[in-house]
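1. Sequence plus the predicted model coming up.
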Amino acid sequence: MTSTREADLLATVPDGLLIGGRWRPAAASATLTVEDPSTGETIRTIADADADDGMAALDAAAAAAADWAATPARTRGEILRRAFDLLQDRKEDFALLMTLEMGKPLAEARGEVAYGGEFLRWFSEEAVRVTGRYGPNPEGTGRMIVSQHPVGPCYLITPWNFPLAMATRKIAPALAAGCTVVIKPAALTPLTTLYLAKLLQDAGLPDGVVNVITTSSSGAVSGPIIADPRLRKLSFTGSTPVGRKLLVQAADGVLRTSMELGGNAPFVVFEDADLDQAITGALAAKFRNIGQACTAANRFIVHSSVADEFARRVTAAVNDFVIGRGTESGATIGPLVDGNAVAKAEALVKDAVARGAELTTGGSRVDRPGTFFEPTVLTGVAPGSDILREEIFGPVLAITTFDTEDEAVALANSTEYGLVSYVYTESLSRGQRMIERLETGMMGLNVGVVSNAAAPFGGWKMSGLGREGGTEGIHEYLQTKYTLTPA
Ligand code: NAP
């Protein structure tokens with residue numbers, strides 16, 4: 001049951017599509033429902049866009065593109081800064097909304113508001129730092145000018161697991177660079193994006209710069225947008241299989257793309273690690289967002305001399321977790337996003353146990369309304385188990401062991417993914433060797449959470465292309481021009 005406070009908040013979330021600055025129903029009047037995963041109850045009914053609505057959103061982004069590109073960078077930055085300030089005023093509303101549609105505990109949702117907000121602030125500052133180069137050519141016969149230009153209208157597709165941060169991580173650099181956008185959030189968690197779009201309007205964003213479409217037919221709506229020659233950039237965060245499909249579609253138009261895809265992060269604990277630190281890091285890297293993060297530690301690779309103690313201590317900590325609706329005080333483990341996620345966690349645990357792993361705690365779905373799965377620890381996970389190959393996306397901590405550094409590196413790198421790795425060692429030289437040897441775009445060295453708006457977030461191998469955040473993030477939305485003039 002939603003409380004009065006929750007119902008009041010939900011009633012203020014727009015239920016239409018935002019196209020050209022106007023909120024409107026879907027052209028065919030279709031609607032989709034959004035559920036609270038902790039109860040299974042419908043919490044809001046919103047517009048369900050079709051391909052015509054998608055095209056109308058692209059029309060609006062294309063129509064607004066030239067004016068926005070010509071808007072001074074300072075003005076663009078100040079709108080983003082106002083959005084950051086408004087987000088601070090509304091942080092409790094955003095946190096509650098995310099907990100309601102996605103399920104994460106309120107304390108974590110507040111953390112996401114802080115993290116997601118930083119992209120608005122960071123790129124409000126980066127907007128004015130886009131510069132070029134000027135200088136003589138080596139022959140002395142000409143002057144070379146290198147300038148940066150907004151790439152043009154962008155299509156942004158975001159996943160359900162971080163409804164605010166995945167949106168601001170794309171919208172803020174695009175707007176700072178001078179690009180207009182159409183954004184499509186996941187159908188499971190569209191409310192936060194709708195609420196954010198309203199905030200951006202309140203911050204003074206001109207009509208048509210950000211357009212929002214919500215839909216239950218993401219493929220049918222996205223295909224024509226991606227095929228349209230007016231679109232100049234596709235930025236996607238989601239699973240590797242969908243990312244691959246979109247890359248094929250984008251190839252036809254030789255479209256610029258950024259792909260933030262799946263992960264299978266190794267968490268390596270050497271025999272010389274500070275175990276207190278490693279356990280704190282492990283709990284954060286595994287159970288944050290109920291295990292549903294692309295950066296979640298997926299494979300715990302622990303030196304055999306400390307594996308028993310590591311397993312005993314993480315099991316004790318996990319036994320103290322409190323399962324509950326994210327709004328309940330003290331709840332640390334909320335529901336998984338839907339029934340498919342529960343079925344997947346269950347199947348992965350079953351396969352690991354069938355191959356000889358031992359359950360030290362958890363392992364089952366929870367008998368209550370909603371889609372809850374027990375926080376789980378598995379030891380002695382055998383090579384070849386599905387859980388070592390697939391993204392778990394649930395609260396299951398799987399431990400394997402190693403004896404030599406080379407073995408640890410080989411195990412850590414034995415995946416098609418390369419998003420992030422975690423390494424715990426007190427040895428500086430070993431830490432440096434790991435920076436060089438592990439095939440991931442990011443690394444936590446004695447740290448369990450690495451994300452920061454000031455850092456370039458992104459993966460190697462099949463975890464993606466491009467970077468979000470940092471000084472790199474804005475360049476995803478800029479294109480370079482070189483001009484030669486006579487000396
Ligand atoms: P997903 O199924 O790939 O969906 C991601 C987004 O793509 C959603 O908006 C989805 O909309 C949309 N989509 C699905 N099929 C599409 C199609 N054919 N055409 C256009 N859009 C389509 O992933 P998810 O389950 O939402 O998110 C979890 C995945 O995201 C995990 O693999 C995780 O690792 C990854 N992720 C990566 C990062 C990163 O930065 N590397 C960050 C967060 C999450 P609908 O759901 O409404 O169909």
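-> Done, it's in.

2. how close does the residue lying closest to Arg22 once chain neighbours are set aside sit to Thr158?
-> Distances taken as Cβ to Cβ, 6 or more residues apart in numbering place Asp207 nearest to Arg22, at 7.5 Å, with adjacent residues excluded. Heads up, the C-betas are built off the backbone N, CA and C, glycines and all. From Asp207 across to Thr158, the span is 22 Å (Cβ to Cβ, to the nearest Å).

3. Neighbour count: these two, which is higher?
-> Thr158 (28 against 16; other Cβ atoms under 10 Å).

4. and that one, how far is that from the ligand?
-> From Thr158 across to the ligand, the span is 6 Å (Cβ to the nearest ligand atom, to the nearest Å).

5. quick one, what contacts Pro25?
-> By Cβ atoms under 8 Å, 6 or more residues apart in numbering, the contact set of Pro25 is Gly16, Leu17, Ala47.

6. ok and the residue in this structure nearest the ligand?
-> At 2.6 Å from the ligand, Gly238 is the closest residue in the chain, using Cβ to the nearest ligand atom.

7. I'd guessed that residue sits against Leu156; true?
-> No - at 11.3 Å, Gly238 does not count as touching Leu156 under the criterion of Cβ atoms under 8 Å.

8. So which of the two has more stuff around it?
-> Leu156 (25 against 21).

9. wait, what's in contact with the residue nearest in space to the middle of the chain?
-> Centroid-nearest residue in the chain: Met166, 4.5 Å away (criterion: Cα atoms, centre = their mean). By Cβ under 8 Å, 6+ apart, Met166 lies in contact with Thr158, Pro159, Thr237.

10. can you confirm the second one is in a strand?
-> Read it as Pro159. No - if the criterion is DSSP: H, G, I helix; E, B strand; the rest coil, then Pro159 is coil and not within a strand.

11. Quick check: it vs Ile43, distance?
-> Relative to Ile43, and taking Cβ to Cβ, Pro159 is found at 19 Å.

12. again with Asp15
-> The gap separating Asp15 from Ile43 is 12 Å, by Cβ to Cβ.

13. next one: Arg230
-> For Arg230, the distance to Ile43 - Cβ to Cβ - is 35 Å.

14. When those two are compared, which one has more neighbours?
-> Set side by side, Arg230 and Ile43 show more neighbours around Ile43, with 19 against 14, by other Cβ under 10 Å.

15. got the residues of the stretch 351-487 of the chain near the ligand?
-> Glu391, Leu419, Gly459, Gly464 (Cβ under 6 Å from any ligand atom).

16. Identify, from these, the entry nearest to Leu196.
-> Leu196 has its nearest neighbour among those in Gly464, at 23.1 Å by Cβ to Cβ.

17. The closest one: what's it in contact with?
-> Gly243, Ser258, Met259, Glu260, Leu261, Leu419, Gly441, Gly458.

18. same thing with Ala412?
-> By Cβ under 8 Å, 6+ apart, the contact set of Ala412 is Pro266, Val268, Arg299, Ile301, Ser421, Leu438.

19. Name the nearest residue to the last one, ignoring sequence neighbours.
-> It refers to Leu438. Ser421 (4.5 Å).

20. So the one you found versus Pro395, what's the distance?
-> Ser421 is 20 Å from Pro395, by Cβ to Cβ.

21. what helix or strand does Asn422 sit in?
-> If you look again at residue 422, you'll see it is Tyr, not Asn. strand 420-424 (DSSP states H and E).
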